[in-house]
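In: the following comprises the amino acid sequence and a computationally predicted model.
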Amino acid sequence: MGGALVARALAAPDSASTLDATGWTALLTAARAEQLLGTLAWRLDGLDLPDPVRPILADARGHALQQRRAALWEAEMARRALAPTGAPVVLLKGTAYAAAGLMAGQGRSIGDLDLLVPRRRLADVEAALLAHGWEWVKPDAYDDAYYRRWMHELPPLIHRERDRMADVHHTILPLTARPTPDAAALIADAVPLGNGVGILAPNDMIVHAAAHLLADGDLAGGLRNLWDIRCLLAEFGEVGLADRARLHGLEPAVARAVRLVGAVFGEERVRGADRAYVDRLLARDGWGRQTRTATRLAFYIRSHWLRMPPTMLARHLWIKARRGHGGSRPDAPAPPR
């Protein structure tokens with residue numbers, strides 16, 4: 001109930017005018033759980049809302065604006081730290097949307113600072129960030145070695161004074177994943193913002209969002225990611241998208257993402273296997289709690305399967321279980337996080 005209400009209100013804000021008190025409770029709690037309350041507040045701004053709802057959405061708009069400012073300031077701090085290296089720096093995800101003034105960034109919840117840099121420059125970038133106040137979140141020898149050998153990013157960093165996380169990527173999927181995106185093309189075709197950093201080209205931005213949603217996780221928080229894709233498609237269209245997706249080995253993921261946008265935020269009929277994805281994306285009840293435990297567990301298992309071959313997965317989970325770092329909960333994060 002709750003997830004479907006959020007999707008409907010985002011796609012057709014006027015639909016919220018028909019809600020009673022129970023409906024509003026379901027909408028707001030599910031939107032908060034999906035980190036979409038700020039986005040919802042932006043979409044509903046200007047409508048005639050019930051008195052108890054107005055201050056909640058006003059607070060959400062203010063919080064989203066504060067997050068946006070903090071994210072852009074963190075990007076600026078990273079730019080200053082990395083400028084002497086001369087390495088190309090590309091902003092990703094929420095910070096990129098906000099920096100470029102895109103529809104996907106309006107009201108969006110923004111957490112970590114995500115950067116893409118050439119793999120050959122990782123050592124320089126890492127050293128520069130460490131010299132400017134960032135430090136490792138997980139000082140663990142196994143996790144550190146795992147990230148450096150198999151992942152698409154350095155181990156996560158956090159700034160010791162600002163308490164802000166940074167994820168430094170050298171590509172957009174783990175090296176153990178089956179698709180192999182062309183990281184050099186992502187960086188070469190990035191769009192400069194005129195301040196020493198860039199963002200992915202429009203089609204690459206959509207491809208990355210689809211990869212993040214469908215090829216690298218269990219769809220937790222997926223409704224927000226799918227809304228990103230819906231906004232990017234509305235702003236940029238699909239011209240050349242299939243060709244770019246093919247270049248990165250992500251044509252199936254992008255095609256499914258486009259279908260899911262139509263099914264969740266439009267009126268298109270759900271096709272075959274897409275039904276399970278829609279069920280996972282909308283798995284919230286009227287109190288914002290997660291539902292469909294079996295479906296979530298299935299996608300959790302799928303996320304591990306996507307990230308690594310069976311033998312490697314078994315070894316990894318065995319090590320993490322012995323060390324008390326993992327489990328088989330359907331809401332647990334994918335390895336090695």
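Out: Right, received. Where do you want to start?

In: tell me which element Ser109 falls in.
Out: Here Ser109, judged by DSSP states H and E, is contained in no helix and no strand.

In: for it, list the residues it contacts.
Out: Shown in contact with Ser109 (C-beta atoms under 8 Å, 6 or more residues apart in numbering): 35-39, 64, 67, 94, 224. (Each C-beta comes from the backbone N, C-alpha and C, glycine too.)

In: tell me the one of these nearest Thr29?
Out: Taking C-beta to C-beta as the measure, Thr29 lies nearest Leu37 of the contacts of Ser109, at 9.2 Å.

In: backbone dihedrals for Ala166, please?
Out: Listed backbone geometry of Ala166 is phi -140, psi 130, with angles given as degrees, to the nearest 10.

In: can you pull the contacts of it?
Out: Applying C-beta under 8 Å, 6+ apart to Ala166 gives the contacts 74, 78, 112-115, 129, 134, 156-159.

In: what's the answer for Glu235, then?
Out: Under the criterion of C-beta under 8 Å, 6+ apart, the contact list for Glu235 reads 102-104, 202.

In: so it is in which element?
Out: With DSSP H and E as the test, Glu235 turns up in helix 222-236.

In: buried residues in that helix?
Out: For helix 222-236, the buried set under the neighbour-count rule, 16 or more other C-beta atoms under 10 Å, comprises 222-233, 236.

In: for Leu28, give me the pLDDT.
Out: pLDDT for Leu28: 98.

In: for the residue nearest the centre of the chain, which non-adjacent residue is spatially closest?
Out: Geometric centre of the chain, nearest residue: Asn225, 5.3 Å, by C-alpha atoms, centre = their mean. Distance criterion C-beta to C-beta, 6 or more residues apart in numbering; nearest residue to Asn225, sequence neighbours excluded, is Leu213 at 4.3 Å.

In: kindly provide the distance from His304 to Trp150.
Out: Distance, His304 to Trp150, by C-beta to C-beta, to the nearest Å: 13 Å.

In: now, among the contacts of Ala166, which is nearest to Leu241?
Out: Closest approach between the contacts of Ala166 and Leu241, by C-beta to C-beta: Asp114, at 21.4 Å.

In: which ones are touching the closest one?
Out: Going by C-beta under 8 Å, 6+ apart, Asp114 touches 91-96, 166-167, 169.

In: so Val197 makes contact with Ala81?
Out: No - when contacts are counted by C-beta atoms under 8 Å, Val197 is not listed as touching Ala81 (11.7 Å).

In: tell me the buried residues in stretch 160-173?
Out: Using 16+ other C-beta under 10 Å as the test for burial, stretch 160-173 gives 164-173.

In: what do you get for stretch 273-283?
Out: So for stretch 273-283, counting by 16+ other C-beta under 10 Å, buried means 274, 276-283.

In: over to stretch 10-28?
Out: Applying 16+ other C-beta under 10 Å to stretch 10-28 flags 10-11, 13, 16, 19, 23-28 as buried.

In: okay, and which of those residues map to helices?
Out: Cross-referencing the buried residues of stretch 10-28 against helices under DSSP state H gives 10-11, 23-28.

In: and of the contacts of Ser109, the nearest to Asp182?
Out: Gly94 (23.3 Å).

In: pLDDT below threshold where in the stretch 101-250 of the chain?
Out: Judged against pLDDT under 70, the stretch 101-250 of the chain has no low-scoring part.

In: need the contacts of Glu235 in CSV with secondary structure, can you?
Out: CSV is the format used below for the contacts of Glu235 (DSSP: H, G, I helix; E, B strand; the rest coil):
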residue, secondary structure
Leu102, coil
Met103, helix
Ala104, helix
Pro202, helix
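
In: include secondary structure and pLDDT when you put the buried residues of stretch 273-283 into JSON lines, please.
Out: Formatted as JSON lines, these follow (DSSP: H, G, I helix; E, B strand; the rest coil; pLDDT from 0 to 100):
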{"residue": "Asp274", "secondary structure": "helix", "pLDDT": "97"}
{"residue": "Ala276", "secondary structure": "helix", "pLDDT": "96"}
{"residue": "Tyr277", "secondary structure": "helix", "pLDDT": "96"}
{"residue": "Val278", "secondary structure": "helix", "pLDDT": "97"}
{"residue": "Asp279", "secondary structure": "helix", "pLDDT": "96"}
{"residue": "Arg280", "secondary structure": "helix", "pLDDT": "96"}
{"residue": "Leu281", "secondary structure": "helix", "pLDDT": "97"}
{"residue": "Leu282", "secondary structure": "coil", "pLDDT": "97"}
{"residue": "Ala283", "secondary structure": "coil", "pLDDT": "95"}
